[in-house]
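K.L.:
below are the sequence and a predicted model for it; my questions follow.
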Amino acid sequence: MSIKRKACIVGAYEHPTRKAPDKSVAQLHAECAKGALADAGLSKEDIDGYFCAGDAPGLGAFSMVEYMGLKVRHVDTTETGGSSYLIHVAHAAQAIAMGKCNVALITLAGRPRSEGSSGTQVRNWGANLPDGPFELPYAPVTINQYAMAAMRHMYEYGTTSEQLAWIKVAASHHAQYNPQAMLRDVVTVEQVISSPLISDPLHRLDCCVVSDGGGAVIVARPEIAKSLKRPLINVLGAGESPKHTEGGHIDLTYTGAVWSGKAAFEEAGVTPGDIQYASIYDSFTITVLLQLEDLGFCPKGEGGKFVAEGNLISGVGKLPFNTDGGGLCNNHPANRGGMTKIIEAVRQLRGEAHPKVQVPNCQLALAQGTGGSIASRHGSATLILERG
Amino acid sequence: MSTPYQTREMTPPKPNPGDEPYFTAAAEGKLLLKRCTDCGRVHFYPRALCPFCFSDRLEWTAATGRGEIYSYSVTRGGVPVPYAIAYVTLDEGVRMMTNLVDCDLDDLRIGQRVRVVFKAASDGTMVPCFTPD
Ligand SMILES: [Zn+2]
């Protein structure tokens, strides 16, 4: 069964905070839920499905349902790191199509900035890791995993640091119009490549921000969506795919987006050339480059050329991306990018992005997330949305 | 530029049940791999079930300890000392995560031939690393 046009995104909310030492993680989740309900014009009593991932405290969905005082008949705690929330939208559409719920709430929140998180720390994925004894002694911190992918891409395809820098440049062009963005200064290629090398070949400005905050979206049955006052945003297609080390045969030149993208495009019945706006997960510049290629926006190996032609800049290029400034400049709550990717795609389809970055008559958008680590095991999720 | 290798405090590996022979061998200066006696393939990291055919008839086999750099990165910022993380493709065909040691980290190149050496983690457990051959 396809989820094509079986559900709509009716509410979306990005928490305005970027630093919240005085708020609990549960409070941030609840504030995001409240914001998304207000955006949709729904009340708490309308929610009968709840979705969250590993950033939710305690017993996940059960703890958050209790904290927020919800009465639901369907929960889903699919955890695939930062790609979870795109998968949640797809799973919510499935649950709605199956009659398991009518109005699904998805929340994300976290406080990595207040808690002192950094990309040069080893991520804590818990106990009993089968891979842990064979990886953790080598200090696989977040940035050097993505750096190894960048290094191999440069070796195989001749990609350059200058080309990668264009991705940050494009994000900064968009972030200047977002008053809530952490980094609002427009930067140049020269500024990116002359910022300190953190892990070769990635510089400080190749990295995303670390921020507190969160976001929420609400997915509802089309009949309910049509009764609300907001523009109709249909879920057209989705794909989810894990990629891993293949028993000792990892290939760092591509991501799981090769599979999740193909599945999403097939379900939606559209092609990469049809997409007018793309939210692309951007933990680092290289993350964007790999996913652009893997989704088919340009051939494998030509991502560097594609971004250096200015294609990601709204009003300039073929594929405006991350018009809120993305994780590279705006916000990366809970060290997870998927939720903000959905929210900006919804803004674009509603025509509610900042006028300076709004894609004219935006009918078709894509949101892409990865979670985990690109140089070992990660999950990719692709979502294609349409203005109804 | 020159970035000489410096000794770094390594996190102890905390082996799971079944991993002990790998680290016992490492203490004796040997790199072991798991090989499936049903499909014949070697895999990494070592498991109790073959990730290719799901057979549980696996054996430890000694690696030559030689291979080439598939990719690497020298981490310089936000860490106590610079270090080189890498994936090395062993001559047996499998790729493993490691650190590149005992060399100028700025002279490393993808495709470079390397051989295994062993370094002590902070609890004394020996861990396989690689150095230019
Ligand atoms: Zn086998």
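P.N.:
Looks like it came in fine.
K.L.:
now do the contacts for residue B:133.
P.N.:
Residues near residue B:133 by Cβ atoms under 8 Å, 6 or more residues apart in numbering or on different chains: B:66, B:113, B:114, B:115. To be clear about C-beta, it is placed using only N, CA and C from the backbone, and glycine gets the same treatment.
K.L.:
isn't residue B:58 right next to residue B:48, touching?
P.N.:
Yes - counting by Cβ atoms under 8 Å, residue B:58 touches residue B:48, with 7.2 Å between them.
K.L.:
these two: who's more crowded?
P.N.:
A count of neighbours by other Cβ atoms under 10 Å in any protein chain shown puts residue B:58 above the other of residue B:58 and residue B:48, at 19 against 12.
K.L.:
where does the closest residue to that one other than its chain neighbours fall, secondary structure wise?
P.N.:
Leaving aside its chain neighbours, residue B:58 sits nearest to residue B:34 (5.1 Å; criterion: Cβ to Cβ, 6 or more residues apart in numbering or on different chains). In this assignment (DSSP states H and E), residue B:34 forms part of strand B:32-36.
K.L.:
give the other helices and strands that that strand contacts.
P.N.:
Judged by 3 or more Cβ pairs under 8 Å, 6 or more residues apart in numbering or on different chains; DSSP states H and E, the packing partners of strand B:32-36 are helix B:20-27, strand B:42-43, strand B:58-62.
K.L.:
tell me which parts of the stretch 251-388 of chain A are close to the ion?
P.N.:
Neighbours of the ion within the stretch 251-388 of chain A, by Cβ under 5 Å from the ion: none found.
K.L.:
residues from the stretch 251-388 of chain A in reach of chain B?
P.N.:
Within the stretch 251-388 of chain A, the positions lying close to chain B (Cβ under 8 Å from any Cβ of the partner chain) are A:252, A:375, A:376.
K.L.:
my guess is residue A:305 meets residue A:162, correct?
P.N.:
No - contact criterion Cβ under 8 Å: residue A:305 and residue A:162 do not qualify, at 11.3 Å.
K.L.:
so residue B:123 lies in a helix, does it not?
P.N.:
No - counting by DSSP: H, G, I helix; E, B strand; the rest coil, residue B:123 falls outside a helix, being coil.
K.L.:
what are the ranges of the strands in the chain?
P.N.:
Went with chain A since none was named. A:8-14, A:49-51, A:74-76, A:103-110, A:197-199, A:202-203, A:213-220, A:233-243, A:277-280, A:364-372, A:378-387 (DSSP state E).
K.L.:
if you could check chain B rather than the one you did, that'd help
P.N.:
B:32-36, B:42-43, B:58-62, B:66-75, B:83-90, B:95-100, B:113-120, B:126-132.
K.L.:
and of the ones you listed, who's closest to residue B:8?
P.N.:
strand B:83-90 (5.1 Å; Cβ to Cβ).
K.L.:
okay, the angle between that closest one and strand B:126-132?
P.N.:
80 degrees (axes from the mean of the first three to the mean of the last three Cα atoms, to 10 degrees).
K.L.:
list the contacts of strand B:83-90.
P.N.:
A:138-140, A:144, A:148, A:250, A:252, A:375, B:5-6, B:8, B:33, B:44, B:63-75, B:95-101, B:105, B:108, B:114, B:130.
K.L.:
out of the helices and strands packed on strand B:32-36, deepest packed?
P.N.:
strand B:42-43 (a mean of 22; mean count of other Cβ atoms under 10 Å in any protein chain shown).
K.L.:
partner strands of that strand and their direction?
P.N.:
strand B:32-36 (antiparallel) (DSSP bridges).
K.L.:
could you see whether the ion lies near the partner strand?
P.N.:
Yes - shown here: strand B:32-36 in contact with the ion (Cβ under 5 Å from the ion) through residue B:36.
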